[in-house]
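>>> Provided below are the primary sequence and the corresponding predicted coordinates.
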Amino acid sequence: MDLPGIVVEMEPAKRREGLLVGAVAGAALAAATAAAADPEAVRATLRGGEVSPVAPPPGRRLPATALGDALLLELTSGGVDLHRLAGRWVEWLQRDGWNVDPVLQQALGHLAEFDAPADALTGGNAAALAAALPAALASASPRTMVSGTFHVARMLDPDPMTGLCAVALVLAAATILEGRRDLIPDVVAALRANDAPATLLDAVRFIPRDPRDVPAVPVGPSPDPATVTVWLLWQLHHRARGSTALRELALHGAISPTVGSLAGALFAARDGMTDWPASWLAGSGDDVTLRQALARRLGT
């Protein structure tokens, strides 16, 4: 069990680098076993019995990385223009679209065809959570950050629940970037202030009460955003070592690269990456180097 008050001493720049680089590595780790539906299938995909990342082919990008980078470009260009942000997403879909799941395809396809978000989707779009996570790096007021996060997420999923889940994870990330580990009170306060449904509010509020009450694992290519959010917040509160949690994520199998990206970003921002196997970063593709460079730029 984790102790929420225990903080890993890290420079703010290292936490920012963890958020950015951990997202890429976490996605690549999950990609290794995302298609494995049972323990036997997971074992069959492991390389020499070890968890190894699977990077996209050269020149291609996983959705979580591509969507998040689009928001990062907006943040580093002086302000977020939602119409321009949507254009960046659509451009990635049309030029690349690597590993896009059906729900994300539907959301981006609607943006491309109608130049407006869809009114409804066939399921929850957890990719909206990854797309909005870089908002935690914005030096805005909490109210502005919450509003911006909500609007970014709803461009990819019109369900207000998904917008609130994005707010919860962005606030959790912002708390971690400040060097604080006890993030549940901040998240609960924000959800309550924004009239979150009792199902989500209660699930988050109850996270600290019993470390044995593990929430459902968000499996499949298009997991429910609320399931993703509660599971990630539980992991952050109760798991003392992020590297161990990420290894277990890959060993579980059937967890999408998008969920892996969120977990990698949050754990790396919280704990750093010094105890990660060198192969995790070396095998995660060129985006690791690109995001390391971006993290250095954000620190200047």
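Noted; the coordinates are in hand.
>>> quick one, helices of the stretch 51-200 of the chain?
Using DSSP state H, counting those that start in this stretch, the helices of the stretch 51-200 of the chain run over 63-76, 82-95, 102-114, 127-132, 142-154, 160-177, 184-193, 198-205.
>>> now the fourth one: how far from the chain's centre is it?
Meaning helix 127-132. The chain centre lies 6 Å from the centre of helix 127-132; the measure is Cα atoms, centre = their mean, to the nearest Å.
>>> output the contacting helices and strands for that helix.
Helix 127-132 sits against helix 63-76, helix 102-114, helix 142-154, helix 160-177, helix 225-238, helix 257-271, with contacts defined as 3 or more Cβ pairs under 8 Å, 6 or more residues apart in numbering; DSSP states H and E. From N, CA and C alone the C-beta is placed, and that goes for glycine too.
>>> most packed of these?
When these are scored by mean count of other Cβ atoms under 10 Å, the highest mean neighbour count falls to helix 257-271 (a mean of 29).
>>> angle of it against helix 102-114?
Computed with axes from the mean of the first three to the mean of the last three Cα atoms, to 10 degrees, the direction of helix 257-271 lies at 100 degrees from that of helix 102-114.
>>> quick one, helix 257-271 and helix 160-177 angle?
Helix 257-271 runs at 30 degrees relative to helix 160-177, counting by the same axes, to 10 degrees.
>>> show me what whatever helix or strand comes next after helix 257-271 is packed against.
Counting by DSSP states H and E, the next helix or strand C-terminal to helix 257-271 is helix 278-282. On a contact count with 3+ Cβ pairs under 8 Å, 6+ apart, helix 278-282 meets helix 12-33.
>>> figure out how far the helix it packs on is from the centre of its chain.
9 Å.
>>> repeat for stretch 119-129
Relative to its parent chain, stretch 119-129 has a centroid offset of 14 Å by Cα atoms, centre = their mean.
>>> show residues contacting it.
63-64, 67, 101-104, 106-107, 152-159, 161-163, 165-166, 169, 218, 222-226, 228-229, 256, 258-259, 262 (Cβ atoms under 8 Å, 6 or more residues apart in numbering).
>>> which one in this protein is furthest away from the centre?
For the chain, the largest distance from the centre (Cα atoms, centre = their mean) belongs to Gly48, which lies 28.1 Å off.
>>> quick one, phi/psi of that one?
Gly48 adopts backbone torsions of phi 60, psi 30, taken as degrees, to the nearest 10.
>>> measure the spatially most central residue of the chain to Pro211 for me?
Note on the chain: the residue nearest the mean C-alpha position is Leu262, at 2.2 Å, using Cα atoms, centre = their mean. From Leu262 over to Pro211 the distance is 21 Å, taken as Cβ to Cβ, to the nearest Å.
>>> so where is the chain shaky, pLDDT-wise?
Flagging of the chain using pLDDT under 70 yields the residue ranges 1-8, 139-140, 299-300.
>>> rerun that using 80 as the cut-off
1-9, 47-49, 139-142, 298-300 (pLDDT under 80).
>>> related to what we said a few turns ago, how about the helices and strands packed on helix 127-132, which one is nearest Ala27?
Ranking the helices and strands packed on helix 127-132 by proximity to Ala27 (Cβ to Cβ) places helix 257-271 first, at 3.8 Å.
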